[in-house]
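# When you get a sec, could you give me coordinates for this:
(4 chains, ligands or ions: 4)
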Amino acid sequence: MTSNRILPMSRAISEAIAQEMRTDPSVFVMGEDIGAYGGIFGATSGLLDEFGDGRVRDTPISETGFIGAGVGAAMSGMRPIVELMFVDFFGVCMDSIYNLAAKNTYFSGGNYKVPMVIMTATGGGYSDAGQHSQTLHGTFAHLPGMKVVAPSNAYDAKGLMATAIRDDSPVMFMFHKGLQGLAWMASPDGAATVVPEDTYAIPFGQAKVVREGKDATIVTLSMMVHHALDAAEALAKEGIEAEVIDLRTIVPLDRDTILKSVAKTGRLIVVDEDYKSFGLTGEIIATVAEHDPTCLKSAPRRLAVPDVPIPYSRVMEQFVLPNAKTIADSVRASVKGA
Amino acid sequence: MTSNRILPMSRAISEAIAQEMRTDPSVFVMGEDIGAYGGIFGATSGLLDEFGDGRVRDTPISETGFIGAGVGAAMSGMRPIVELMFVDFFGVCMDSIYNLAAKNTYFSGGNYKVPMVIMTATGGGYSDAGQHSQTLHGTFAHLPGMKVVAPSNAYDAKGLMATAIRDDSPVMFMFHKGLQGLAWMASPDGAATVVPEDTYAIPFGQAKVVREGKDATIVTLSMMVHHALDAAEALAKEGIEAEVIDLRTIVPLDRDTILKSVAKTGRLIVVDEDYKSFGLTGEIIATVAEHDPTCLKSAPRRLAVPDVPIPYSRVMEQFVLPNAKTIADSVRASVKGA
Amino acid sequence: MPSKSQVLWMYEVMEKARYYEDTMAAVYMEGKSPKFDIGAGTVPGEMHLAAGQEPCAAGVCVHLRPDDAVTATHRPHHVAIAKGVDLKKMTAEIFGKAEGLAGGRGGHMHLLDPAANFSCSGIIAQGTSPAVGAALATKMKGTDAVAVAYLGDGAANQGGFHEALNLAALWKLPVIFVIEDNGWGISVSKEKSTSVPDNSVRAAGYGIPGVHIAENDTLKLFDAAKEAVARARRGEGPTLIEVETYRYYGHFQGDPETYRPKGEVAALKAKDPIKRLRDAAIADGTMTEAEADAALARAKAEVDEAFAFARAATEPAPEDALTAVFA
Amino acid sequence: MPSKSQVLWMYEVMEKARYYEDTMAAVYMEGKSPKFDIGAGTVPGEMHLAAGQEPCAAGVCVHLRPDDAVTATHRPHHVAIAKGVDLKKMTAEIFGKAEGLAGGRGGHMHLLDPAANFSCSGIIAQGTSPAVGAALATKMKGTDAVAVAYLGDGAANQGGFHEALNLAALWKLPVIFVIEDNGWGISVSKEKSTSVPDNSVRAAGYGIPGVHIAENDTLKLFDAAKEAVARARRGEGPTLIEVETYRYYGHFQGDPETYRPKGEVAALKAKDPIKRLRDAAIADGTMTEAEADAALARAKAEVDEAFAFARAATEPAPEDALTAVFA
Ligand SMILES: Cc1ncc(C[n+]2csc(CCOP(=O)(O)OP(=O)(O)O)c2C)c(N)n1
Ligand SMILES: Cc1ncc(C[n+]2csc(CCOP(=O)(O)OP(=O)(O)O)c2C)c(N)n1
Ligand SMILES: [Mg+2]
Ligand SMILES: [Mg+2]
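Ligands and ions are numbered 1, 2, ... in the order given. Modelled structure (predicted):
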């Protein structure tokens, strides 16, 4: 079946969930406002109508409780998808995630599976301030036992969600609010894509070179892919060809694709919407340096939130977030020396 | 007053707390078993007897509640020290830590101070398994608004605790159980040190070169300092002089001391008892690479827990933890190429 | 029974809070049409308005002193107003301006004002344990100041709330927990989230008084809060007060409210608590029509002034984002 | 009232659990003298023993089927034994051996056995919500299996427990929450941690039955658990059962117990629940002396065999630490 149907990312996600729910009765969804509301960021829209409130369960505001319940259900043969409305709320339920969901397989020597997706909204840019705008990529990637996914567009989101639901281990599925294509929040053009109607699965651990280039490698993910592509376009006009890598999954991390690209370009710029220190950007740079620091023609660079809480005021928030201009500046400096 | 009194780290910590409590009536302590028991790892021993149960408060097992209460007290003019018994338990109370304690100063534009110490035990090596053996250095360092301290010995612990209590911002004070010098847990020789009886404060953000060397730089902290020193000693017999840097505080991070040392030695080995990826080891390597990858004569290396939960069984646990031998091997490989 | 000045105070505060929310609702839409974009306009980001919930603010805060601490929720304006937060700085903060309480770093869900002993938060039930800590501080200092923690009905199912209740009860701390029960946690009704009809019964699990105030009744709440505050000041420990209140707007501005039964809001508005207080006070002679009108006019003027101040205030410097992380 | 076979079963399980703990207490000290070092010896790490708490395990698990799920605490052996966890594999796990339940990855606080539908955890109250999830799974699958969550008295002040109670009650899930009230959370007495004398009253906050079992009474618990399990199987929702139980050993082995009133343990031992059950059952003719002795002998033999198995089992390969992180 061919189709040129363009879907926003939120619909791609809910479609993936619906398709898995149709074929596998053990798949169900729990979370706050995921029923009639369809998820605050639309990731579960339409599911209640099709599957009813037995399999699409609005929960109390009890994240420890319902995520922990997800683990118990997963260990009892179900495949729950639970939504943590904003990733920023992880603090009230991290024990259920990192100490329970992520460790029970290990604690059972592999005898228990915990096939569970924890789906959560990330990211800022719309003045939702310091408790509703974080991405926390590094926080989740640092702790063992969870896979961590962060798609940049609808096509990837659908295929990665299918993989997440079928995976027998816990998966953090981190979707950026600003990519969901909601009627009430701005979204970059590239986030909504052609999405095949059939189910398909995108394997974890395969980064995607979303633009080829020979002069510098930009490694990034989620919302920042779009800013990186805009930067690359601007740079191309100046004769600088930047390669852009969309990680797609953080755990597992596709180190090979990064190393291959940097071996070619000799320059590395890492862009992340998470806090700068002790997180994703450092890991990528360290990966390259550990492999071979001599492959770098200039010092690697990184752009990320400069270790401050996300400020509310628009001018301040925009200042702390990487954007096409700051990315282009950084690539330029890397290529020309600065 | 001079004295050659040797104290275990646990006593150095409780002495620092007692001295601050004597001079500042707003300082008090809360936590589980910190009263009559003196803290499971001895960090509050003797305090109940001297200060009574008004200022040394055993709490229910309600970490969100009593750490949140610490924040409220701190914003009301008190200087609470709260103990989170094991850092592994952060999952039940991270909201009170990273989203409340760490952000309220920012959210008030600096008008509210949150002078609070969150003291917590870290580390493994004694078969306490996956929910009682983590260090989580990177987890706390990644999130803005908290200072993060991890002493390696009694002298530093006392001075850093004094600084922590006097600081007007939240401080995570992470002491390694195996350094406390408890009667019931093995401790390396260097952890107990001469500790002056007078109060003294060690500024945050100043790493300490605990051994000088010209051939390679080992950057490490907490328990791993002792293994690194043992490794350096062994290497010295082979003619390899390793410089060992004890970070002492992770936030703020003394990048200058690291860069200066690597500029001299040209080789970098980072050793951490935390999980390897997306954390402290990557940050240190990235710091050097960002500064100047050409200062490295060989690829930087890191040793840390290989992204698995801490296993219980002794042989498996010892396998995942860095030790003097694996550190020495790594330095040797870095110096000789391997 | 409140005194005349207390009635007048409550009435004025409630009108001020109401007019504040209605004004904010309009200002919030500036720059968001024809296409609603949450990040656009004069006031970007989420916006949770409390019109209809004014009794919860006025009926409790009327008993408070400046040295009493209050922690409010993600829906904080009415309580901030009742607790005496500087209205200009608060509005400037919501406009993201340099003159705001936090110089624009915090925004609508993060209004923190040491001068008024007020804070709030965007995390459900997060304020309950800091209130316990504030009460612990006053107890340790030996004053009779109290602390009030506000939370929603949805928040009553968050574990941290129970930890705070137990701690406050165990240590007999001067805390008043006020549940603003508007029947909804976003789109999930209380019935679908809460295993008991009234959260006030949960007080028994901590051995403290639990009071249920029906029908958003300002005067009944006044009495209950008076006793709770007095009890707290006497050192007899915490009280849980649950107020059946009304949410006129959606959960946040822009909420499609498709989950909401038709006619619910109209039915609630027919029982408007401000009008009820005004009518009753005029009927029983506590307040004259003229006094009420004057209070209303003062309230509106103050709000208008605050919005004018916020509008005229200056944008923060972008780099200011990097300061005030540490004290 | 239990049948003869139920009494015999409970008695044997309790003796097995007791002998297991006493054996473990001795084995745990191997290699830890003259100087006690928690990381040394045959069995390193923390060790929480449940001698005295056997009624909680036997009186509840006697009503359970293999397809019923149980989550236990950091003090899990007695419950694991009652739920039918493979004793050899469990002991090998505690010895850190390759033949252990998790090949030595988990240890004493992490005994997970899908065959017995059993898991436990080192985090206080962590098991309560997975039990809710297990119950939800059985409800969704349409079976009448139930789930039992064990927790301590100290754990009853952890917020997650309340979230689990509300969720279970709200969704009428077949969960039985069993509080093993041994009066202590490490060194902190229940009185110093809990704002009410009995945690069973907290059930009212969720609209579910709350039962208090005094004096570690196996038979009273048998009755209460029977009703709770039947109620759950009938689809009528959760029950909270609080059992006043006894902790004979310290919180963990090596606990100096300086906080503990002198004579407390001796007084508790004088009321030993296993002896009480044995004496009562022999007195009323449910069990003969010979039957009891035979059960005790079987129990001891099984435990001895498990320890022998564990001792003879093989050390894991160090690199096995790297496997089984993901399914
Ligand atoms: C821990 C946490 N979970 C979820 C949310 C998202 N959220 C914001 S407001 C809200 C509903 C709150 O309901 P209630 O407590 O009744 O307050 P109301 O909005 O009705 O005033 C939710 C779920 C949050 N902010 N924090
Ligand atoms: C969240 C958390 N906080 C603290 C601890 C440390 N801890 C282990 S056991 C224990 C006491 C538990 O008391 P209780 O629930 O009564 O169980 P008991 O030990 O008496 O069986 C504590 C505080 C923990 N494991 N997890
Ligand atoms: Mg509500
Ligand atoms: Mg107990």
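
# hey, let's count contacts and neighbours off CA atoms from now on
Noted.

# Please tell me how far whichever residue of the stretch 51-200 of chain C sits closest to chain D sits from residue B:288.
Nearest residue of the stretch 51-200 of chain C to chain D: residue C:159, at 3.5 Å (Cα to the nearest Cα). Applying Cα to Cα, to the nearest Å, the value for residue C:159 to residue B:288 is 43 Å.

# Those two: who's more crowded?
A side-by-side neighbour count of residue C:159 and residue B:288, using other Cα atoms under 10 Å in any protein chain shown, places residue C:159 first with 30 against 27.

# pretty sure that one is touching residue D:156, no?
No. Under the criterion of Cα atoms under 8 Å, residue C:159 lies out of contact with residue D:156, with a separation of 11.0 Å.

# Common neighbours of the two, please.
Taking Cα atoms under 8 Å, 6 or more residues apart in numbering or on different chains as the contact rule, residue C:159 and residue D:156 both touch residue D:162.

# check contacts around residue C:178.
Counting by Cα under 8 Å, 6+ apart, residue C:178 touches C:56, C:148-151, C:240-243.

# Select only the buried ones of those in ChimeraX?
In ChimeraX, selecting the buried portion of the contacts of residue C:178, with burial taken from 16 or more other Cα atoms under 10 Å in any protein chain shown, looks like this:
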select /C:56,148,149,150,151,240,241,242,243
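
# Looking at the contacts of residue C:178, which is nearest ligand 3?
For the contacts of residue C:178, the residue nearest ligand 3 by Cα to the ion is residue C:151; the value is 8.4 Å.

# residues touching the residue nearest to that closest one when sequence neighbours are not counted, list them.
With Cα to Cα, 6 or more residues apart in numbering or on different chains as the measure, residue C:179 is the residue that lies nearest to residue C:151, at 5.0 Å, once sequence neighbours are left out. Each residue near residue C:179 by Cα under 8 Å, 6+ apart is listed here: C:150-153, C:156, C:240-243.

# Could you find the closest non-adjacent residue to the residue nearest in space to the middle of chain C?
The central residue of chain C, meaning the one whose C-alpha is nearest the mean C-alpha position (Cα atoms, centre = their mean), is residue C:79 at 3.0 Å. The shortest distance from residue C:79 to any residue other than its chain neighbours is 4.6 Å, reached at residue C:57 (Cα to Cα, 6+ apart).

# Make sure that neighbour is actually in contact with residue C:77.
No. No contact is recorded between residue C:57 and residue C:77 when judged using Cα under 8 Å, the distance being 9.2 Å.

# What ranges does the chain have for its helices?
Looking at chain A here, since you left the chain open. According to DSSP state H, chain A carries its helices in the segments A:9-23, A:47-51, A:63-74, A:94, A:104-107, A:137-142, A:154-166, A:223-237, A:255-265, A:280-291, A:314-320, A:324-336.

# wrong one, chain C
Taking DSSP H to define them, one finds helices in chain C at C:4-29, C:54-61, C:77-83, C:87-94, C:128-141, C:159-170, C:190-193, C:218-233, C:264-269, C:273-283, C:289-312.

# Now these in a markdown table, please, with extra columns for mean pLDDT.
Converted to a markdown table, the helices of chain C look like this (pLDDT from 0 to 100):
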| stretch | mean pLDDT |
| --- | --- |
| helix C:4-29 | 98 |
| helix C:54-61 | 98 |
| helix C:77-83 | 98 |
| helix C:87-94 | 98 |
| helix C:128-141 | 98 |
| helix C:159-170 | 98 |
| helix C:190-193 | 98 |
| helix C:218-233 | 98 |
| helix C:264-269 | 97 |
| helix C:273-283 | 98 |
| helix C:289-312 | 98 |
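
# want to try JSON lines for these, with distance to ligand 2 as columns?
What follows is the helices of chain C, written out as JSON lines (distance: least, Cα to the nearest ligand atom, whole Å):
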{"stretch": "helix C:4-29", "distance to ligand 2": "41"}
{"stretch": "helix C:54-61", "distance to ligand 2": "34"}
{"stretch": "helix C:77-83", "distance to ligand 2": "33"}
{"stretch": "helix C:87-94", "distance to ligand 2": "37"}
{"stretch": "helix C:128-141", "distance to ligand 2": "16"}
{"stretch": "helix C:159-170", "distance to ligand 2": "12"}
{"stretch": "helix C:190-193", "distance to ligand 2": "25"}
{"stretch": "helix C:218-233", "distance to ligand 2": "29"}
{"stretch": "helix C:264-269", "distance to ligand 2": "42"}
{"stretch": "helix C:273-283", "distance to ligand 2": "43"}
{"stretch": "helix C:289-312", "distance to ligand 2": "45"}
